[in-house]
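> Okay, structure incoming, though there's no sequence with it:
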């Protein structure tokens, strides 16, 4: 009998700690990134209150620009991004998610250092390979309010956060790249996949097939998981390279030279965006 009571008490404490952690995070905005350097500026300005290690990820909580936030490194790639996003939602149920970091520029209007905030995201390497080559396909999910799965090619970011992004970009000072001052572009389509794009032909394909503005390796997964769970989400990216299509350098070389300025520009935009959130 005594063992049963002890066991019941232990179960209650585990359940209570889980509920408490969820309540403590309710109302917080979650900030995610894939590389340590992408989150370095955000973490340096965070007034840290607590940190929790969960399944290989550290969740930092505290205040940023006077707002309650949570910061977590998702890890690189679609699977890590999806896993961390679902873990974040299951354990902490945040008010919203903002993903920040670098990307490859696809559209010719986007230059290194520019901030690009698409309104929708697709997985560019999800589809069918047949005799005619690769055909992109929709991902079948049940979105909030739906009782059956339906195919979705482009998952949408939160419209209210997108509008806040427009306000944040009006007076933002970004780090220059050479003599050029980076620009902020909001809207259009983004694509993600489990490959780093460093080829002009692939870049042109992504533009022709998806009308993509930018490409990365995480965002479509984050937006899909957030949409399915009914959590508002926005992706803020800064071009660190031109996906192998600049003609003067490979994307790998550009990434080495412009990673930090692109990462800091994206994080700076997020800091400004947070000021406009309630």
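Alright, I've got the coordinates. None of the values given here were measured: they were computed from a predicted structure.
> and residue 88, that one's in a helix?
Yes: using DSSP: H, G, I helix; E, B strand; the rest coil, the assignment for residue 88 is a helix.
> any idea how far residue 74 is from it?
9 Å (CB to CB, to the nearest Å). All C-beta spots, glycine's among them, are computed from the backbone N, C-alpha and C.
> ditto for residue 28
With the distance defined as CB to CB, residue 28 ends up 16 Å from residue 74.
> And for residue 269?
Taking CB to CB, one finds residue 269 at 18 Å from residue 74.
> swap in residue 85?
Counting by CB to CB, the gap from residue 85 to residue 74 is 7 Å.
> ok, now residue 250?
From residue 250 to residue 74 the distance is 26 Å (CB to CB).
> secondary structure element for the nearest residue to residue 210 once chain neighbours are set aside?
Closest residue to residue 210 apart from its sequence neighbours, by CB to CB, 6 or more residues apart in numbering: residue 191 at 5.1 Å. For residue 191, the host element (DSSP states H and E) is strand 189-192.
> Quickly list what's touching both of residue 88 and residue 74.
residue 32 (CB atoms under 8 Å, 6 or more residues apart in numbering).
> hang on, the earlier thing: compare residue 28 and residue 74 and say which one has the larger neighbour count.
Using other CB atoms under 10 Å, the more surrounded residue of residue 28 and residue 74 is residue 74, with 25 against 20.
> What segments of the stretch 1-150 of the chain are strands?
29-33, 47-54, 57-64, 67-73, 96-105, 115-117, 120-123, 127-130, 133-136, 139-141, 150-152 (DSSP state E, counting those that start in this stretch).
> for those strands, which one sits closest to residue 201?
strand 133-136 (12.5 Å; CB to CB).
> And the closest one, how far out from the chain middle?
26 Å (CA atoms, centre = their mean, to the nearest Å).
> Also stretch 173-193?
With CA atoms, centre = their mean, you get 15 Å for stretch 173-193.
> Can you give me the first-to-last residue distance of that stretch?
30 Å (CA to CA, to the nearest Å).
> In that stretch, which residues are buried?
Neighbour-count burial for stretch 173-193, with 16 or more other CB atoms under 10 Å as criterion, is recorded at 174, 177, 182, 184-186, 188-193.
> do stretch 216-234 as well
For stretch 216-234, by 16+ other CB under 10 Å, it's 216-229, 231-234.
> sorry, back to before: quick one: closest of the strands of the stretch 1-150 of the chain to residue 162.
Of the strands of the stretch 1-150 of the chain, nearest to residue 162 by CB to CB is strand 115-117, at 6.9 Å.
> Spit out the contact partners of the most centrally placed residue in the chain.
With distances taken as CA atoms, centre = their mean, residue 99 lies nearest the centre of the chain, 2.7 Å away. Residues near residue 99 by CB under 8 Å, 6+ apart: 31-33, 74, 81, 218-219, 222-223, 233-236.
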